[in-house]
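A.B. asks: Any chance you can model this:
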Amino acid sequence: MRVLPLLRYGLLLVLVASPSLAREVSDRLTIRTLKVPAHPAQESSSIYVSWQVVTALRFEAEVDPARTKFLGWEGRFEAPLIGGKKVILEPLRELDSGEALPLLVTLVDGTEFTFLVRAKSREDWGWIDYQVNVFKDPDSYNAVLSSLYDSLSRERRLSEENERFKKEENSVDHAYATLLANGQVKKTPFRRAKFWRSKNEDMDVVVEVFSGPEKAAAVIHLTNTYHGQTWRFDGAYLTRDFSSDTARPFALRMNRSVLVSGQSGRIAVVVDKSAFEDKDGQLADLALQIFRDDGLLQVFVAMDHTLLRQ
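C.D. replies: Alright, predicted model coming up:
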């Protein structure tokens, strides 16, 4: 992979990324229960999809392929797979935020369901549908059981998130990241080692990379210059080779996750020495990737292990 040697030059920005740099989305996939009363006047339920993710709709009875129609899928999706109790959708690309494709599913017993297939939900509580279990009788045994599993899964995620927040409250690295995100560099032990600025028609970017005592840090300053278009933070990943297999822990804080046109914000990251160590205890360089809400790479920062000070 030719991009890896660029790490030794210390810093690289990618401002408009290609789809090949789309982030991994497995951590956002959701299995959910959808109770849709069978009624001609029912409001169409939304199904959220994303490129490189297969979405399955699962029904209580077999689907009638002859009376199931997906409008406008050509060029956007693989041909829908319809068989048994399932309808399978696979996007060929990310849908635009305004796209909503009608899907009519008819079961062999004549029951009809209407859906609007949309781009992944943008809200903080949003999701990408991996599997949707559809029920027309909300009080049926299977519907209630599926809802119970949904509730238990949400409770487990909330419990894990609360535990993570408790750990972060007492984390020195998160405290440093908070100071950096608030522009209070002088209150931290970090010294600026590298500086980079870049502009295009969508975003002005300034990156500062800091060295510290057995820690490294980066602050990304973003200014949205795209008229009428809102920018949203979607995720940050720190890896050795751009894959989830080598993902490393780090502390992150930001003062804004959403930037309207003309607005600026900061993203601060602090990395402990232990994140740079491989299984043999040797230090290795890392790659920090910041993704925007369409799943594409906005900024890439090379984090060199030589940033660590004794």
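
A.B. asks: buried residues in the one helix or strand residue 134 maps to?
C.D. replies: Using DSSP states H and E, residue 134 sits within strand 128-135. For strand 128-135, a neighbour-count test (16 or more other CB atoms under 10 Å) marks 128, 129, 130, 132, 133, 134, 135 as buried. Where you see a C-beta, it was placed from the backbone N, CA and C, and this is true even at glycine.

A.B. asks: what do you get for stretch 98-109?
C.D. replies: 100, 101, 103, 105, 106, 107.

A.B. asks: Which single one of those residues is nearest to residue 242?
C.D. replies: residue 101 (31.7 Å; CB to CB).

A.B. asks: Could you check how far the closest one is from residue 58?
C.D. replies: 19 Å (CB to CB, to the nearest Å).

A.B. asks: Repeat that for residue 199.
C.D. replies: 48 Å.

A.B. asks: out of the two, which sits in the busier spot?
C.D. replies: residue 58 (18 against 12; other CB atoms under 10 Å).

A.B. asks: these two touch, right, that one and residue 84?
C.D. replies: No - the pair formed by residue 58 and residue 84 falls short of the contact definition of CB atoms under 8 Å, at 9.2 Å.

A.B. asks: show me the contacts for the residue lying farthest from the centre of the chain.
C.D. replies: Taking CA atoms, centre = their mean, the residue of the chain most remote from its mean C-alpha position is residue 109, at 38.6 Å. Contact analysis of residue 109 by CB atoms under 8 Å, 6 or more residues apart in numbering lists residue 61.

A.B. asks: Please apply the same query to residue 224.
C.D. replies: Here residue 224 is in contact with 202, 203, 230, 231, 259, 260, 261, 262, 263, 264 (criterion: CB under 8 Å, 6+ apart).

A.B. asks: where does the stretch 101-250 of the chain have low pLDDT?
C.D. replies: Along the stretch 101-250 of the chain, the parts satisfying pLDDT under 70 run over 121-126, 137-170.

A.B. asks: Sketch out the helices for it, chain order is fine.
C.D. replies: In the stretch 101-250 of the chain, helices defined by DSSP state H, counting those that start in this stretch lie at 141-169, 172-181, listed in chain order.

A.B. asks: Is it correct that residue 220 is in contact with residue 267?
C.D. replies: Yes - with contacts counted by CB under 8 Å, residue 220 reaches residue 267, the gap being 4.4 Å.

A.B. asks: and the strand holding residue 134, which strands flank it?
C.D. replies: Sheet partners assigned to strand 128-135 using DSSP bridges are listed as strand 29-35 (parallel), strand 55-58 (parallel).
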